[in-house]
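# got a predicted structure here, sequence first:
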Amino acid sequence: MRPVSDSFWVMTGAAGGIAQALRPGLRDLVGRWRLLDSRPVPDGDAHGDESRVVDLRDRAALIEAVRGATGVVHLGGLASEADREDIVEVNVLGTAHVLEAARQAGARRVVLASSNHATGFYGVDERIGPGAPPRPDSFYGVSKVAGEALGSLYVDKFGLEVACIRIGHFAERPETARDLSIWISPRDTVAAFSAAMTFADLRFSVFYGVSANTRGWWDIEPGRRIGYEPRDDAEAYAGTVPPVPDDETGRLQGGEFVPAAATLDPQR
């Protein structure tokens with residue numbers, strides 16, 4: 001999986017915040033990027049990269065964009081709760097299109113950005129790992145469960161290599177008390193994706209993308225098994241964030257995604 005001079009990886013959702021950390025952080029690994037998003041990618045053609053405006057719902061365009069790539073980092077999609085039809089079209093069918101594009105275009109590995117919201121209805125007093133049954137807290141969370149299932153299908157049926165990273169809260173630093181358990185730093189984000197992209201014996205893997213937080217809720221050993229060793233700890237910021245609310249958003253891992261109104265009226 002190491003790059004050669006003419007190798008490239010495709011990144012979807014390349015105009016987003018996580019992409020801004022991964023693009024430079026993984027440049028030595030990928031050789032160059034082909035950057036895809038539904039909107040223009042800032043500086044998308046710098047550093048020898050190439051950018052294209054591509055909608056995840058356009059399977060033919062994705063197949064063409066992925067052709068010749070070593071692999072795909074799939075960050076694209078709706079990043080929070082939204083209308084359920086939009087979630088299905090963009091996040092579920094869009095992920096299916098990415099996987100099918102990889103299959104048809106000959107890319108061997110796909111790294112899917114999943115989410116902690118796939119298990120948001122577990123309590124904050126429960127320590128869980130990727131083997132726990134999904135308990136999504138939203139239609140967004142459901143779409144991430146579906147994306148993981150699609151990845152598993154393409155591994156078993158078509159022989160792709162797929163890693164699903166259940167990303168916690170990506171930010172420069174923790175912003176809330178909940179983040180003390182789920183924060184992932186930019187440095188650790190790069191490390192998580194690097195491991196998922198390079199582990200030699202990968203077939204199918206699901207792991208939590210989270211820093212080595214003292215108050216963490218999730219088993220991080222599955223990530224370590226494929227080479228992800230987080231280095232940062234949100235505890236360093238414990239005195240700078242507001243306390244957890246004493247309601248369901250504070251008692252359940254999904255936080256503000258948990259209340260019924262968050263799904264029934266996602267545009268509130």
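Happy to help now that I have it.
# for residue 15, see how far away residue 49 is.
Distance from residue 49 to residue 15, counting by CB to CB, to the nearest Å: 13 Å. C-beta coordinates here come from the backbone N, C-alpha and C atoms, glycine included.
# all helices of the chain, in order?
All helices of the chain, identified by DSSP state H, fall at 17-25, 27-30, 59-66, 84-86, 94-105, 139-158, 179-182, 186-198, 221-225, 248-251, 260-264.
# what comes up buried for the longest one?
Translated: helix 139-158. 139-148, 150-152, 154-155 (16 or more other CB atoms under 10 Å).
# before we move on, the earlier item: what's the closest of the helices of the chain to residue 237?
Nearest of those to residue 237, taken as CB to CB: helix 179-182 at 7.3 Å.
# show me the contact partners of the closest one.
116, 124, 168-169, 171, 174, 210, 213-218, 234-235, 237-238, 241, 253 (CB atoms under 8 Å, 6 or more residues apart in numbering).
# hmm, try it at 6 Å
116, 168-169, 174, 210, 213, 215-217, 234, 238 (CB atoms under 6 Å, 6 or more residues apart in numbering).
# what do you get for stretch 79-93?
56-57, 77-78, 138-140, 143, 146, 262, 266.
# identify each buried residue in that stretch, please.
Across stretch 79-93, burial judged by 16+ other CB under 10 Å covers 81-82, 87, 90-93.
# farthest-separated two in the contacts of stretch 79-93?
So, the contacts of stretch 79-93 by CB to CB: farthest apart are 57 and 262, at 24.8 Å.
# of these two, which one has the most company?
Applying other CB atoms under 10 Å to residue 57 and residue 262 shows that residue 262 carries more neighbours, namely 20 against 13.
# show the pLDDT at that one.
Residue 262 is assigned 88 on the pLDDT scale.
# same thing with the one 3 residues further on?
What the model reports for residue 265 is a pLDDT of 75.
# what of residue 247?
Residue 247 is given a pLDDT of 87.
# ok, and the closest non-adjacent residue to the residue nearest in space to the middle of the chain?
For the chain, the residue sitting closest to the mean C-alpha position, by CA atoms, centre = their mean, is residue 113 at 1.8 Å. Distance criterion CB to CB, 6 or more residues apart in numbering; nearest residue to residue 113, sequence neighbours excluded, is residue 75 at 4.7 Å.
# for that neighbour, give its distance to residue 94.
11 Å.
# so these two - more neighbours on which side?
Between residue 75 and residue 94, counting by other CB under 10 Å, residue 94 is the more crowded of the two (27 against 24).
# check contacts around the closest residue to the more buried one other than its chain neighbours.
Excluding the flanking residues, the one nearest residue 94 by CB to CB, 6+ apart is residue 56, at 3.1 Å. Counting by CB under 6 Å, 6+ apart, residue 56 touches 76, 90, 94.
# hmm, 10 Å instead?
12-13, 36-38, 62, 74, 76-78, 89-91, 93-98, 101 (CB atoms under 10 Å, 6 or more residues apart in numbering).
# could you turn the buried ones of these into a ChimeraX selection?
Burial among the contacts of residue 56 is assessed by 16+ other CB under 10 Å; the matching ChimeraX selection reads:
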select :12,13,36,37,38,62,74,76,77,78,90,91,93,94,95,96,97,98,101
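# list the contacts for the closest residue in space to residue 212 that isn't next to it in sequence?
The spatially closest residue to residue 212, leaving aside those adjacent along the chain, is residue 230, at 4.2 Å (CB to CB, 6+ apart). The contact partners of residue 230, taken as CB under 10 Å, 6+ apart, are 184-185, 187-189, 191-192, 208-213, 216, 220, 223-224.
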